[in-house]
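A.B. asks: Here is the input, now give the coordinates:
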Amino acid sequence: MHRLILHACLLALGVSRIFAAEKTTYDDQVFPVFQQSCLNCHNPDKTKGGLDLSSFSAAMKGGSGGKIAEPRDSSSKILTSIMHTADPKMPPEGDALGASQVAIIKAWIDDGLLENANSLARKPSAPKFSSAMNAAGGARPEGPPPMPRDLLLDPPVVVTRGAAVRAIACSPWAPLIAVSSLKQVLLIDLKTLELIGILPFPEGDPVSLHFTPDARYLIVGGGIHGKSGTTVTFDITTGARALTAAKEFDCVLACDIRPGFDLVITGSPSRAVKFWNSQNGELSKSINKHTDWVTALDISPDGILCASGDRTGGVYVWEADTAKEFHTLRAHQATITQAAFRQDSNILGTASEDGTIRFWEMNGGTEVKKIDAHPGGVTGFDWSRDGGFATIGRDLKVKLWKVDFNPVRDFSALPALPTAIGLDPEGKRCFVGDINGEVHVFDCSSGEIIARLGNNPPTISFRISTLDESIKKQSENLAALQKDQAAGDTKKEELKKAIAALEATRVHWCSAAINTQALAAETAVATMQREFEGHTEVFSRSATELEKIHASVTNLTRELQALQLQPANERDNQKTSPASEKNHAAAIAEKMSSLQEQQKLLHKAETELIELRNGIEENSRPRVEQQQLAIRLKTEYRKQLKQPE
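C.D. replies: So this is what the prediction gives:
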């Protein structure tokens, strides 16, 4: 029996050595650092700031300022404190901890806050968001505005014609707009009007888009009508899915995330406004006040209020913290198509299919202005940073308005029904999506269309083949001019420049093709890593269960031996009868039966443990291969673009 349990322990030890480098733990590496530098102020007798670091359990409780660390979070409080990059500083006087000590704490956090060598890594209880995200509404975040870099450019869904543009969102600080498409969101450079990123949304069609006030994150809500709905918050700089929240049984029609990133609010055909805890993804509150589909929703930039509108024209304002009703705004007579707070959070604008836009001040909930904007219905509106706004309607018109609610101008008429609008925060350009999948770009100073964009981008391979044809044709034209002695040098130079520009564009898209492969490899690695962690967790649980079974076998063996070795004269002294002898024999038989059953379970558990180990070994090889492929492709991609590695 001892051989079996020893075998299981060796299996577990072998897996840990094969698949993981030596981990940093509290007991082995972190406690000595705390003992040397921190325990004078943070011990059971002197808990400065309510923090005791003398034991793992006490350290994990944190202090008066909350938790000291989150697994794999480089912005954890303990790390910024000992590095003296944020308050409170530890130690408060003198220099920050040395680089080697900081490295130990950082490795401990990265490894998942392990207590000892036998512990399982903890999982983050909250998504990783940098502290810079919590910029107040209206305040420009420090540093350059966030922009996509090296994102996917090959569309995961390709169609022959565009789908209706359901939503457009303009970044509040960066020259960037987000446009909905089929199962994906397009990120477009506002200045060049070039596609610079694609965010896949395989959960269904994106219907609602909102940038966070710091412009770093984009929340996307949508799903499959009549079946399912959810929200995904993307980091637009990397394309990473930072947070998934909400589980609806119909498509999410409207959503937003609070600037503190603790709360996601959704509206759907369920008629309920639902508050979701972003830390654990659970539903915290559900408000059933609307009498029809919830079609519009917005959280104020300061995160205090949330407004929602429905298909019958009802508008409510809620306290975001408590979900209590703050205002009931009754005036609209038809579907609310848009509800949006001005950037100072003091004014709420609501647009409706009744043709009006109404503006409400939030102190008393009174209507401060009503505009009969578009006969037949207003299909959307958006604010600029200075409080001006733009509107679209069923009259196929786009209108620009001043801060004082007076009109500036009407734009050129649209060829199809406008379905979404986004206004450049500086009020220079206006982007209008229509039912046919086109995005019309207007110059706000003239009111004229300066470009039209589709929301169904072609594949990279199609772009490259088209460029090859153009380069070939232009090269043939240049060759013909070279033979023509009468042809002027100016025309030749123009053709050379055109060919050079085409070739540069081709290099860009060839690089994008390489990056697409690299991103696919990285995604595969991430998936395999999650599977690997799941398998190793199952393995650990199985090894623990094997130990329990072995302990049971050991106990049963001892009990059986005790029964078998009980002296006959001891039983005679107890004046045993034939019946008691029979009972004694039955007890032995019962123990033997139980022992045999446990031995079978032990053999089965050992077999399963070996199979798990073999499975982990087999799955690790393709994971390593994909990691190597991703690194090679990223290196090749950077060489193409001549970026530093």
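
A.B. asks: Show me the helices in the chain, by range?
C.D. replies: Secondary structure of the chain by DSSP state H: the helices cover 2-19, 31-37, 56-61, 77-82, 99-110, 460-483, 489-565, 568-573, 578-641.

A.B. asks: okay but E367 is in contact with I357, surely?
C.D. replies: No - assessed by Cβ atoms under 8 Å, E367 is found out of contact with I357, at 10.9 Å. C-beta coordinates here come from the backbone N, C-alpha and C atoms, glycine included.

A.B. asks: What about the residue nearest to V315 when sequence neighbours are not counted, how many residues nearby?
C.D. replies: Excluding the flanking residues, the one nearest V315 by Cβ to Cβ, 6 or more residues apart in numbering is L329, at 4.0 Å. Counted with other Cβ atoms under 10 Å, the neighbours of L329 add up to 21.

A.B. asks: how close does L329 sit to D95?
C.D. replies: Distance of L329 to D95, computed by Cβ to Cβ, to the nearest Å: 57 Å.

A.B. asks: thinking again about what came up before, let me know which of the helices of the chain is tucked in deepest.
C.D. replies: helix 77-82 (a mean of 21; mean count of other Cβ atoms under 10 Å).

A.B. asks: who's in contact with that one?
C.D. replies: By Cβ atoms under 8 Å, 6 or more residues apart in numbering, the surrounding residues in contact with helix 77-82 are 37, 65-69, 86-90, 96-97, 101-102, 105-106, 109.

A.B. asks: how about L243, what does it touch?
C.D. replies: L243 sits in contact with 127, 232-233, 257, 261, 264, 278, where contact means Cβ under 8 Å, 6+ apart.

A.B. asks: Quick check: the two most widely separated of these?
C.D. replies: V232 and F261 (13.6 Å; Cβ to Cβ).

A.B. asks: nearest residue to F34 other than its sequence neighbours?
C.D. replies: L53 is the one closest to F34 (Cβ to Cβ, 6+ apart), at 4.5 Å.

A.B. asks: Roughly how far does the closest residue in space to R271 that isn't next to it in sequence sit from T391?
C.D. replies: In this structure, R271 finds its nearest non-sequential neighbour in H290, 4.9 Å apart by Cβ to Cβ, 6+ apart. With distances taken as Cβ to Cβ, H290 is found 24 Å from T391.

A.B. asks: Pick out whichever of the two has more residues nearby.
C.D. replies: T391 (25 against 22).

A.B. asks: For that one, give me its contacts.
C.D. replies: Neighbours of T391 in contact, by Cβ under 8 Å, 6+ apart: 351, 357, 373-374, 378, 380-381, 398-399, 401, 421.

A.B. asks: and A340, how many neighbours?
C.D. replies: There are 22 residues near A340, going by other Cβ under 10 Å.

A.B. asks: And the one 3 residues further on, by the same measure?
C.D. replies: Burial of Q343 is recorded as 21 neighbouring residues (other Cβ under 10 Å).

A.B. asks: so it sits right up against G388, yeah?
C.D. replies: No - contact criterion Cβ under 8 Å: Q343 and G388 do not qualify, at 11.0 Å.

A.B. asks: quick one, what contacts the residue nearest to S594 when sequence neighbours are not counted?
C.D. replies: Among residues not flanking S594 along the chain, L556 sits closest, at 5.6 Å (Cβ to Cβ, 6+ apart). By Cβ under 8 Å, 6+ apart, the contact list for L556 reads 591, 594-595, 598.

A.B. asks: and the two most separated of those residues?
C.D. replies: K591 and Q598 (10.5 Å).

A.B. asks: Show me the shaky parts of the stretch 451-600 of the chain.
C.D. replies: 485-488, 566-581 (pLDDT under 70).

A.B. asks: before we move on, back to that, between the contacts of L556, which is closest to G447?
C.D. replies: Closest to G447, out of all of the contacts of L556 and judged by Cβ to Cβ, is Q598, at 83.6 Å.

A.B. asks: Excluding chain neighbours, what is closest to that closest one?
C.D. replies: V553 (4.7 Å).

A.B. asks: The one you found reaches L595, doesn't it?
C.D. replies: Yes - if you go by Cβ under 8 Å, V553 and L595 touch, sitting 6.7 Å apart.

A.B. asks: List the contacts of the nearest residue to E438 once chain neighbours are set aside.
C.D. replies: Nearest residue to E438 in three dimensions, chain neighbours excluded: R452, at 5.6 Å (Cβ to Cβ, 6+ apart). Going by Cβ under 8 Å, 6+ apart, R452 touches 438-441.

A.B. asks: who touches the closest residue to P202 other than its chain neighbours in this structure?
C.D. replies: Distance criterion Cβ to Cβ, 6+ apart; nearest residue to P202, sequence neighbours excluded, is K183 at 5.9 Å. Shown in contact with K183 (Cβ under 8 Å, 6+ apart): 156-157, 200-206.

A.B. asks: Same check on K191?
C.D. replies: P175.

A.B. asks: Please apply the same query to L297.
C.D. replies: Contacts of L297 (Cβ under 8 Å, 6+ apart): 208, 254-256, 265-267, 273, 306-309, 339.

A.B. asks: next one: G281
C.D. replies: Counting by Cβ under 8 Å, 6+ apart, G281 has contacts 244-247.

A.B. asks: Which of those residues has the largest number of neighbours?
C.D. replies: A245 (26 neighbours).

A.B. asks: Could you pull up the residues touching that one?
C.D. replies: A245 neighbours (Cβ under 8 Å, 6+ apart): 230-231, 233, 257, 264, 276, 278, 281.

A.B. asks: Show me how to select, in ChimeraX, the buried members of those.
C.D. replies: To isolate the buried ones among these in ChimeraX, judged by 16 or more other Cβ atoms under 10 Å, type:
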select :230,231,233,257,264,276,278
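
A.B. asks: Present the helices of the chain as CSV; the columns should include distance to I177.
C.D. replies: Output for these, formatted as CSV (distance: least, Cβ to Cβ, whole Å):
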stretch, distance to I177
helix 2-19, 44
helix 31-37, 48
helix 56-61, 43
helix 77-82, 34
helix 99-110, 36
helix 460-483, 21
helix 489-565, 20
helix 568-573, 91
helix 578-641, 24
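
A.B. asks: Which stretch among those approaches E194 most closely?
C.D. replies: helix 489-565 (9.5 Å).

A.B. asks: how far does the closest one sit from the chain's center?
C.D. replies: 18 Å (Cα atoms, centre = their mean, to the nearest Å).

A.B. asks: Does the residue nearest to F34 touch Q36 like I think?
C.D. replies: No - applying Cβ under 8 Å as the test, L53 and Q36 come out as separate, 11.4 Å apart.

A.B. asks: give me the low-pLDDT residue ranges for the stretch 1-150 of the chain?
C.D. replies: If you take pLDDT under 70 as the line, the stretch 1-150 of the chain has these spans: 1-21, 65, 74-75, 85-87, 124-139.

A.B. asks: mean confidence for stretch 411-423?
C.D. replies: The pLDDT scores in stretch 411-423 average 93.

A.B. asks: Phi and psi next, for the residue nearest to F34.
C.D. replies: Backbone torsions of L53, given as degrees, to the nearest 10, read phi -110, psi 10.

A.B. asks: Check which residues of stretch 63-73 are buried.
C.D. replies: Applying 16+ other Cβ under 10 Å to stretch 63-73 flags 63, 67-73 as buried.
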